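Trainee: Predicted coordinates and the sequence they were generated for:
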Amino acid sequence: RLNPMQFGILLADNAAAFGACRYRGTTIQQFGSLTATQLNKLTIAKLQFIPAADFTVLSAELAAQIRPILIQSLTADQLNSMSASALCALDRRYLSNKQIASLSELTISGMNNQQFVSMLGDRLGDISMSALSGISLEHLSSLSRGQLADFTVAQLNAMGPSQKEFVLQNYSILEDAARQGADGEISYLDALSILEKAALGGMNQAKFSDLERVANDLNSGNITASTYVTQIFGNVVLGNSANANWTGGNNWITILGDLSASSTENQVSELIGKWFLGTDLPSPGSPEGYYVPYVPQTLPLYGLSGAPELSDVNQGELGDCYFLASIAEIALQEPNVIEDAIHSNGNGTYSVRFYVDGKPDYVTVNEALPQIDWGPKFKDGQNMPYDTGNGALWSSLFEKAFVQLNERQEVLHGGNGKASNSYQAIAGGFDWPLKYLTNRSVYEYFFNPWTSSASEKRQMEILQSDFNGHSAITMSTGSEVPPNSNLVPSHMFAVTGI
């Protein structure tokens with residue numbers, strides 16, 4: 001029942017003693033009569049009790065004088081009750097991302113172009129999906145090409161057709177790359193965002209030229225990024241022999257091809273999926289005559305020890321002993337080599353590094369592996385036909401990554417000697433995975449029935465010294481093995497001791 005003057009006097013003289021919950025009874029007239037000094041005497045708790053409706057009378061002049069700590073405590077209802085002029089007079093540096101995301105469609109639609117740019121021009125990525133419809137074409141036309149690049153892919157897909165078309169026709173890929181790298185480096189997620197945004201609506205010459213410019217700047221070091229991001233971005237934009245086909249987890253292939261100015265949105269999305277998301281899953285084949293679907297896995301990357309171990313590797317029904325023996329041996333002798341070669345991207349995908357011609361060469365894998373959850377069982381009663389990981393995911397991911405690497409024309413190929421993104425294509429091979437995994441020279445020693453005992457002794461002493469020095473050593477058998485030797489013919493073994 002206090003009139004505005006009485007309320008102001010009471011607040012000025014007794015702000016500290018006036019209980020927070022009592023501010024629930026504040027009327028619009030009382031709140032509207034407050035001076036900046038009186039308003040700034042409120043605590044955070046007291047401000048939040050003031051009814052949102054009272055903020056409809058907050059003037060721009062008063063809003064501009066609210067102290068930062070109170071701006072940070074304004075509720076969504078209070079913000080959305082303000083006039084556009086009052087809201088935009090707040091010192092927006094102190095508005096959190098959550099507060100910006102709480103602005104409603106009605107609040108945004110009430111802003112004129114100048115207010116929209118002033119309040120949200122550098123906070124566009126924080127606007128909620130539900131509020132996007134409040135952005136008019138006039139609002140969008142007042143933004144720079146660089147600012148238009150700040151809309152996320154998710155926001156663009158949530159926009160109306162006319163909004164989305166305007167942004168895609170007017171934003172700058174080069175500005176997008178510059179803003180994504182404003183913190184000094186283009187991250188994996190930054191690069192993914194640039195490409196996914198560019199993919200919308202397919203390619204044209206301007207988009208393609210801009211992406212080529214970004215890829216070349218990454219290669220030259222004009223734009224900073226990790227070796228992994230630089231390579232896979234280039235694989236999407238500048239081309240790679242593995243781009244010829246798309247498998248997608250099927251037992252057949254479709255033509256894909258390198259990126260061009262005429263690439264469709266679907267082609268660009270598949271190229272991104274191949275190199276950034278691991279969605280070009282290898283052909284699983286038909287082990288035991290069954291079609292095997294892919295199933296996302298929930299195993300940790302490493303077992304209880306928290307590091308790769310030889311015992312994690314468990315070969316399935318695929319003849320890739322030469323590769324699995326190599327990663328098992330490296331896990332035994334130098335587990336840090338495995339750990340350095342695989343890293344999570346934080347979105348269910350992993351980068352896996354090999355070395356080809358002495359240079360790092362990366363593929364991206366996701367967590368899906370071939371698995372049957374019904375009926376047939378494979379080796380050791382497993383429902384997975386290939387490496388099962390024994391409670392850890394890393395060895396199965398390396399096996400899948402090696403299959404994907406096999407699609408490259410430039411690498412040595414197992415099986416039938418042809419480039420193919422298929423598990424069956426890596427069945428059969430020799431010692432080259434050791435070099436691809438470690439980037440070190442590989443030496444071969446041969447023992448046969450006519451090797452002299454002295455020569456054999458010298459070779460074994462060399463091997464023993466190398467093993468004790470943590471060199472990775474694998475052993476292959478011929479088509480015949482000594483009886484009762486517990487060896488398997490035509491097989492590659494990891495060596496655990498000499």
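Mentor: Thanks, I have the structure now.

Trainee: quick one: low-confidence parts of the stretch 1-150 of the chain?
Mentor: For the stretch 1-150 of the chain, applying pLDDT under 70 flags the ranges 1-27.

Trainee: If we use 90, what do you get?
Mentor: 1-51, 54, 57, 146 (pLDDT under 90).

Trainee: So residue 350 belongs to a strand, correct?
Mentor: Yes - Residue 350 forms part of a strand when assessed by DSSP: H, G, I helix; E, B strand; the rest coil.

Trainee: tell me the contacts of residue 268?
Mentor: 195, 198-199, 202-203, 236, 259 (C-beta atoms under 8 Å, 6 or more residues apart in numbering). Glycine gets a C-beta too; all of them are placed from N, C-alpha and C.

Trainee: any chance of those residues in a markdown table, with secondary structure, distance to residue 463 and pLDDT too?
Mentor: Shown next, in a markdown table, are these (DSSP: H, G, I helix; E, B strand; the rest coil; distance: C-beta to C-beta, whole Å; pLDDT from 0 to 100):
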| residue | secondary structure | distance to residue 463 | pLDDT |
| --- | --- | --- | --- |
| 195 | helix | 48 | 97 |
| 198 | helix | 53 | 96 |
| 199 | helix | 52 | 97 |
| 202 | coil | 57 | 96 |
| 203 | coil | 55 | 96 |
| 236 | helix | 44 | 98 |
| 259 | coil | 48 | 98 |
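
Trainee: For those residues, could you give me JSON lines that also reports neighbour count and distance to residue 373?
Mentor: Listed next are the contacts of residue 268 as JSON lines, based on neighbours: other C-beta atoms under 10 Å; distance: C-beta to C-beta, whole Å:
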{"residue": "195", "neighbour count": "24", "distance to residue 373": "34"}
{"residue": "198", "neighbour count": "27", "distance to residue 373": "38"}
{"residue": "199", "neighbour count": "24", "distance to residue 373": "33"}
{"residue": "202", "neighbour count": "17", "distance to residue 373": "38"}
{"residue": "203", "neighbour count": "20", "distance to residue 373": "40"}
{"residue": "236", "neighbour count": "27", "distance to residue 373": "34"}
{"residue": "259", "neighbour count": "27", "distance to residue 373": "37"}
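
Trainee: Quick check: the farthest pair among those residues?
Mentor: 202 and 236 (14.3 Å; C-beta to C-beta).

Trainee: Now for residue 93, how many residues are close by?
Mentor: Neighbourhood size, residue 93 [other C-beta atoms under 10 Å]: 7.

Trainee: Spatially, which residue comes closest to it, not counting chain neighbours?
Mentor: Nearest non-adjacent residue to residue 93, counting by C-beta to C-beta, 6 or more residues apart in numbering: residue 68, 7.9 Å away.

Trainee: show me what contacts the one you found?
Mentor: Taking C-beta under 8 Å, 6+ apart, we find residue 68 in contact with 91, 93-94.

Trainee: ok, now residue 126?
Mentor: Here residue 126 is in contact with 97, 100-101 (C-beta under 8 Å, 6+ apart).

Trainee: Cross-check the contact I'm expecting between residue 54 and residue 32.
Mentor: Yes - if you go by C-beta atoms under 8 Å, residue 54 and residue 32 touch, sitting 7.5 Å apart.

Trainee: re earlier: if I look at the residue nearest to residue 93, how far off is residue 44?
Mentor: Look at residue 68 and residue 44: by C-beta to C-beta, to the nearest Å, they are 11 Å apart.

Trainee: what's the answer for residue 282, then?
Mentor: 56 Å.

Trainee: which one of the two has more residues nearby?
Mentor: residue 282 (28 against 12).

Trainee: quick one: the closest residue in space to the more buried one that isn't next to it in sequence from residue 470, how far?
Mentor: Spatially, and ignoring its direct neighbours in sequence, residue 282 is nearest to residue 403 (4.3 Å; C-beta to C-beta, 6+ apart). Separation of residue 403 from residue 470 (C-beta to C-beta): 28 Å.

Trainee: So the two - more neighbours on which side?
Mentor: residue 403 (28 against 11).

Trainee: so which strand or helix has the more buried one?
Mentor: helix 394-405 (DSSP states H and E).

Trainee: what's the next secondary structure element after that helix?
Mentor: Trace forward from helix 394-405 with DSSP H and E and the next one is helix 432-438.

Trainee: Averaged pLDDT, the helix or strand just after that following helix. What do you get?
Mentor: Sequence-wise, the next helix or strand downstream of helix 432-438 (DSSP H and E) is helix 453-468. For helix 453-468, the mean pLDDT works out to 93.

Trainee: List the buried residues of helix 453-468.
Mentor: The neighbour-count check on helix 453-468 (16 or more other C-beta atoms under 10 Å) flags 463, 466-467 as buried.

Trainee: Helices of the stretch 51-200 of the chain, start to end?
Mentor: With DSSP state H, counting those that start in this stretch as the criterion, the stretch 51-200 of the chain has helices at 60-63, 68-71, 76-81, 84-89, 97-101, 105-109, 113-120, 137-141, 145-148, 153-158, 161-170, 173-180, 188-199.

Trainee: Could you look over those helices and pick the most buried one?
Mentor: helix 188-199 (a mean of 22; mean count of other C-beta atoms under 10 Å).

Trainee: So which elements touch the very next helix or strand once past that helix?
Mentor: Helices and strands here follow DSSP H and E; after helix 188-199, the next one along the chain is helix 205-220. With contacts defined as 3 or more C-beta pairs under 8 Å, 6 or more residues apart in numbering; DSSP states H and E, helix 205-220 has these neighbours: helix 173-180, helix 188-199, helix 227-237.

Trainee: Contacts made by the second one with the rest, please.
Mentor: Think helix 188-199. Residues beyond helix 188-199 that count as contacts (C-beta under 8 Å, 6+ apart) turn out to be 149, 151-153, 156, 171, 173, 176-177, 180-181, 186, 207, 210-211, 214, 225-226, 228-229, 232-233, 236-237, 265, 268-269, 272, 276-277, 345-347, 351.

Trainee: Doesn't residue 362 belong to a helix?
Mentor: No - applying three-state DSSP, one finds residue 362 to be strand, outside a helix.

Trainee: May I have the residues that are in contact with the closest residue to it other than its chain neighbours?
Mentor: The shortest distance from residue 362 to any non-neighbouring residue, by C-beta to C-beta, 6+ apart, is to residue 228 (4.9 Å). Residues in contact with residue 228 (C-beta under 8 Å, 6+ apart) are 188, 343, 351, 353, 360, 362.

Trainee: count of neighbours near the last one?
Mentor: Applying other C-beta under 10 Å, we find 21 residues neighbouring residue 362.

Trainee: Contacts only, for it.
Mentor: 227-228, 231-232, 351-354.

Trainee: which residues does it bridge with?
Mentor: Counting by DSSP bridges, residue 362 is bridged to residue 353.

Trainee: Residue ranges in the stretch 151-300 of the chain under the pLDDT threshold?
Mentor: Along the stretch 151-300 of the chain, the parts satisfying pLDDT under 90 run over 178-184, 285-292.

Trainee: 80 instead, please
Mentor: Across the stretch 151-300 of the chain, the ranges flagged by pLDDT under 80 are 287-290.

Trainee: Was I right to think residue 427 contacts residue 414?
Mentor: Yes - if you go by C-beta under 8 Å, residue 427 and residue 414 touch, sitting 6.4 Å apart.

Trainee: between those two, who's got more neighbours?
Mentor: residue 414 (24 against 17).
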